[in-house]
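A structural model of the following input is requested.
(chains A and B)
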Amino acid sequence: MVQTFEPKSDYHVVGRSPIRHDGLDKVTGRAVYGGDVKVPGLIWGEVLRSPHSHALIKSIDTSAAEKMPGVFAVATNADFPSPKAGEIDTGEDVVNFERDTQNLLAKSKVLYKGHAVAAVAAVDRNTALEATKLIKVVYEKLTPVRNVDEAMAKNATILHDNLVGDHLGEDVKKTNVARHFRHEFGDVEKGFAASDLVVEREFTLQMVHQGYIEPHNATAIWDESGHVTAWSSTQGMFAVRAQTAGMLRIPESQVTVNPVEIGGGFGGKTKVYLAPVAAILSRKSGGRPVKMIMDRNSVFEASGPAPGGKIIIEMGVSKDGKIQAVATDLRYEAGAFPGSAVGAGAICVHACYNIPNSRIDGRDVVVNKPKSAAYRAPGSPQAAFAIEQVVDEVCDKMNWDKIQFRLDNAAHEGTRRGDGVMFGKVGLIETLEAVRNSAHWKSPLEPSKNGKLRGRGVASGYWMNGGNKSTVDLMLQDDGTVALNEGSADIGGTRTSIAMQAAEVLGLTAEDIHPYIPSTDSIGFTATTGGSRTTYATGYAAWEAANGLVAEMSKRAAVLWGIDADDVTFANGKFSSSSDPELSIGFKALAGKIGDTGGPVSSTASVNLGAAGAGYAVNICDIEIDPETGKTDVIRYTAVQDVGKAIHPAYVEGQIQGGAAQGIGWALNEEYFISEDGSMANHTFLDYRMPTALDLPMIETILVEVPNPLHPFGVRGVGEVPLAPPLPAVANAVADATGHRFPHHPIKAGRIIEALSR
Amino acid sequence: MAKVFVPYNLRKYTDGATQVDVPGLTLGELITNLELWFPGFSDHLLQDGRLKPGLAAVCGHAATRQGLLQKLDEDTEVHFVPAVSGGVG
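Residues are numbered from 1 along each chain as shown, chains lettered A, B, ... in the order given. Got it, this is the predicted structure:
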């Protein structure tokens, strides 16, 4: 049985916002990132990338590069051991090493511009770079497949001749649709027939990048004993271990991954691109350590962005304000290899609503673009962009209040999600009520005094949040502080949010806990920091380990006092005898006497949790548009979210504000601008326009706390759902301002001018 | 008996039934019984004696982390859905 917890409110650490443990190291520059790694004998690796979006590799001649002075080794796909075929469950993720090795170094085809073809290790970076230019590759260009329409067209160019698509359970050859699945319940056609209004709309979205500041990097040594030691900027060092070992076909025990700080990931640093290649170059260079760092162009062109695609939604409503039926067709770009976030998108797309008759089709479509990867709430922002605009249009057509309609149809405990799974306790209704009661929603949008167009939009979003495996070790120190080892990469302040949960149990302060992230050899398996799982699952492990520490210390207090362990209680940081009121000792005082009671005290907890409490967010967005230029400014923005229990409210607010900023950029500016030849035209931060602080107002936040009964402190994941509502909230605001709907993303100035001139 | 929600692409094995009640104290027992009643069904669920990579079994509200050992209560809802790695992928 799953343990459940009653909500509490009398916390002494949880709910405060202490200074982060790693703050000083980061602001002083002491923190070690992947680019800072220096080991004796270090040499550099560089990659030769394809200039074509789709081409056969007829031949690769590396001889000139190999002869160049200063060059130690050249690697191609042929240097990978023959990969294990098929889908492999690594215990955390499902991977296909055959495809992954072909993504890291192309085999017989290049499938996107920037696709790595060969790699060179040399004495320094410039020599390695120059040597890549001596590699001669003969290509035979093929027609690029640039989007899902081209990929699904009759007589489309096929990316993978050996791909067998699973189309509703049937094997299909010669297809770019790797998977077509369906979730269906109720009677959708009957629902539409019972509707008084049916709205059907088609939306298109472009690929976008997470835009993390720090590029991908890896340093690896494949030594004489056959052991690989790696350093890599990653959201999950155990994922790097699994992927590196899998691609090199060595046991995971032969790979050690050392953590380094991470300069942003947002889901994009869950896959490896360099570590296995660096390891191969190391082995071919006689075991020298090889360091590789992507340049920005390569990060855009060859790492994993969020998928674009097409979404078609048909929604039927009755006059009483109820949704009768929704049919959704999601077609997501997987990129060059199968595996988009369409499965998650399908879970999320109907999840804000109680829909009696529901059908969701999902298609995973390969195109000649980089293999897509996770980006906060992967698949959900695209889905929200579509369904929340349809909801907005339905409300406009029926003259319904947009919050009341959402409340009347809100998902709640017992509602079925689009994939049929029934919700436990969720807080969407409380979140919508907080929106309706907010100062922003109650304040009417004043007309502009300078001739600009103003509009207000509102939209909801959902993310299911994750559980999975986590480990925490606690080691009591003589001074009563506690060293905490955890396996989670800290991408958003989780050292502190996890330490705080241990401190809460132990009656200590957050500063009394010293969190540390050791290598994969020094901590139990911990899944990747992603899925909004870390504060929930690793925090749960910290809570369990802390309770274990208290139990052991209670035994030691009993030894100290010569009484039965059952007689010792622990509350408010003190151990006491329940039978003798004279016997009482504080946590730190006991720590100072612990040695004589049986030696050091430590505690370990590993958990493997099912799904966490689901997360909902609702955003309000006010925008102002210059009708002459089409420039859109966000002038007020409020993000409301059910966070379960905010362990560290300042970090939670930061997560929400960051998600809103990214979502506003995604809505208005960001896109992979794909040229006729299939290449990305805007592969620099100059041309790939992300919003800065100067572009945005203060993002106001309202934290709604509906405790998750599955967590001792009520935690729900908070890092991902903030990115779901901003896209449609902005789109709905633009529609309110202009009177035009914008089903094509991004809603850039040119599109607005075009619409206004119609 | 557990209530199995039949995935769309496996309804051909259940004559179109969207939900079937199947006995089983564990998920493993339930899948064994599913195979007895609907031959061929389990080929889509199992590989090498474990749940197929990429497949999640939701027992109640949450995807099981105990695989075929997952204990089932009377009336537990069981869904077989594509696994989602969350922000992981």
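
Can you show me the helices along chain B?
Along chain B, counting by DSSP state H, helices occupy B:27-37.

Geometric centre of it: which residue is closest?
Residue closest to the mean C-alpha point of chain B, counted by CA atoms, centre = their mean, is residue B:80 at 4.6 Å.

ok, what's across the strand from that one?
residue B:57 (DSSP bridges).

who are the neighbours in contact with the residue lying closest to residue A:197 once chain neighbours are set aside?
Spatial nearest neighbour of residue A:197, chain neighbours left out: residue A:317 (5.3 Å); criterion: CB to CB, 6 or more residues apart in numbering or on different chains. C-beta coordinates here come from the backbone N, C-alpha and C atoms, glycine included. Applying CB atoms under 8 Å, 6 or more residues apart in numbering or on different chains to residue A:317 gives the contacts A:195, A:196, A:197, A:198, A:323, A:324, A:394, A:398.

Of these, which is the nearest to residue A:173?
residue A:198 (36.3 Å; CB to CB).

ok, residues contacting stretch A:147-165?
A:54, A:109, A:111, A:142-145, A:171-180, A:308-310, A:331-333, A:336-338, A:363, A:365-368, A:674.

if we go to 6 Å?
A:143, A:145, A:171-178, A:309-310, A:331, A:333, A:365-367 (CB atoms under 6 Å, 6 or more residues apart in numbering or on different chains).

Could you pull up the mean pLDDT of it?
What stretch A:147-165 shows for mean pLDDT is 97.

Ok, stretch A:229-245 next?
96.

Please see if it touches chain B.
No: Stretch A:229-245 is not in contact with chain B by CB under 6 Å from any CB of the partner chain; minimum separation 7.4 Å.

Tell me the gap between that stretch and the middle of its chain.
Computed by CA atoms, centre = their mean, to the nearest Å, the separation of stretch A:229-245 from the middle of its chain amounts to 16 Å.

Please apply the same query to stretch A:406-424.
So, by CA atoms, centre = their mean, the centroid of stretch A:406-424 is 23 Å from its chain's centroid.

do the same with stretch A:78-88
26 Å.

Would you mind listing the buried residues in that stretch?
Neighbour counts using 16 or more other CB atoms under 10 Å in any protein chain shown place A:79, A:80, A:83, A:87, A:88 of stretch A:78-88 among the buried residues.

So which of the residues you listed would count as near chain B as well?
Within these, those near chain B by CB under 6 Å from any CB are residue A:87.

The buried residues of stretch A:78-88 in strands, which ones?
Among those, the ones falling in strands (DSSP state E) are residue A:88.

In the buried residues of stretch A:78-88, find the pair that's most separated.
A:79 and A:87 (23.5 Å).

who does the helix or strand encompassing residue A:617 touch, helix- and strand-wise?
Element membership for residue A:617, per DSSP states H and E: strand A:615-625. Strand A:615-625 is packed against helix A:428-436, strand A:453-463, strand A:632-642, helix A:726-738, with contacts defined by 3 or more CB pairs under 6 Å, 6 or more residues apart in numbering or on different chains; DSSP states H and E.

The lowest-mean-pLDDT helix or strand in chain B pairs with which strands, and in what direction?
Least confident helix or strand of chain B, by mean pLDDT, DSSP states H and E, is strand B:62-63 with a mean of 84. Paired strands of strand B:62-63, with direction, are strand B:55-59 (antiparallel) (DSSP bridges).

what's in contact with the strand it pairs with?
Taking CB under 6 Å, 6+ apart as the rule, strand B:55-59 contacts A:421, B:27, B:51, B:63, B:64, B:70, B:76, B:78, B:79, B:80, B:81, B:83.

Give me the pLDDT for the closest residue to the fifth one other than its chain neighbours.
Closest residue to residue B:64 apart from its sequence neighbours, by CB to CB, 6+ apart: residue B:70 at 4.0 Å. According to the predicted model, the pLDDT of residue B:70 comes to 94.

And for residue B:70, the neighbour number?
21 (other CB atoms under 10 Å in any protein chain shown).

need the residues of the stretch 151-300 of chain A near chain B, please.
Looking at chain B, the residues of the stretch 151-300 of chain A close enough under CB under 6 Å from any CB are A:168, A:169, A:182, A:184, A:267, A:270.

Of these, which is the most crowded?
Neighbour max across these (other CB under 10 Å) = residue A:267, 31 neighbours.

And that residue, how far from residue A:529?
Going from residue A:267 to residue A:529 by CB to CB, to the nearest Å gives 10 Å.

what's the answer for residue A:746, then?
28 Å.

before we move on, what about residue A:644?
Relative to residue A:529, and taking CB to CB, residue A:644 is found at 18 Å.

Then residue A:451?
47 Å.

before we move on, what about residue A:310?
Taking CB to CB, one finds residue A:310 at 31 Å from residue A:529.

Could you check which of these two has the larger neighbour count?
residue A:529 (31 against 22).

Please tell me I have it right and the more buried one contacts residue A:491.
Yes: between residue A:529 and residue A:491 there is a contact at 5.3 Å, judged by CB atoms under 6 Å.

Now the common contact residues for the two.
Common neighbours of residue A:529 and residue A:491 (CB under 6 Å, 6+ apart) are residue A:235.

Which among the helices and strands packed on strand A:615-625 is found nearest to residue B:15?
strand A:453-463 (33.6 Å).

Could you quantify the relative orientation of that closest one and strand A:632-642 as an angle?
Angle, strand A:453-463 to strand A:632-642, by axes from the mean of the first three to the mean of the last three CA atoms, to 10 degrees: 30 degrees.

orientation of strand A:453-463 relative to helix A:726-738 in degrees?
Using the same axes, to 10 degrees: strand A:453-463 against helix A:726-738 is 160 degrees.

Pull out the CA atoms of strand A:453-463 and give them to me as CSV.
Extracted in CSV, the C-alpha atoms of strand A:453-463 (Å, rounded to 0.1, in the frame of the first residue of the first chain):
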residue,chain,number,x,y,z
LEU,A,453,-3.9,47.5,-28.7
ARG,A,454,-4.4,45.8,-25.4
GLY,A,455,-5.6,42.4,-24.5
ARG,A,456,-5.9,39.9,-21.6
GLY,A,457,-5.5,36.2,-21.9
VAL,A,458,-5.9,33.3,-19.4
ALA,A,459,-4.9,29.7,-19.8
SER,A,460,-4.4,26.5,-17.8
GLY,A,461,-1.7,23.8,-17.9
TYR,A,462,-1.0,20.4,-16.5
TRP,A,463,2.0,18.2,-15.7
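
Tell me if that strand is near chain B.
No: judged by CB under 6 Å from any CB, strand A:453-463 and chain B are separated, with a smallest distance of 7.9 Å.

Report all helices and strands that the next helix or strand after that strand contacts.
Next helix or strand after strand A:453-463 toward the C-terminus (DSSP H and E): strand A:468-476. With contacts taken as 3+ CB pairs under 6 Å, 6+ apart, strand A:468-476 sits against strand A:482-486, helix A:539-561, strand A:602-609.

counting contacts, what elements does the first one pack onto?
This means strand A:482-486. strand A:468-476, helix A:494-506, strand A:513-516.

okay, those in a markdown table with mean neighbour count next?
Converted to a markdown table, the helices and strands packed on strand A:482-486 look like this (neighbours: other CB atoms under 10 Å in any protein chain shown):
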| stretch | mean neighbour count |
| --- | --- |
| strand A:468-476 | 25 |
| helix A:494-506 | 27 |
| strand A:513-516 | 20 |
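
can you tell which of those is closest to residue A:634?
Using CB to CB, the nearest of those to residue A:634 is helix A:494-506, at 28.7 Å.

can you tell if the closest one touches chain B?
No: Helix A:494-506 does not reach chain B (CB under 6 Å from any CB); its nearest approach is 13.0 Å.
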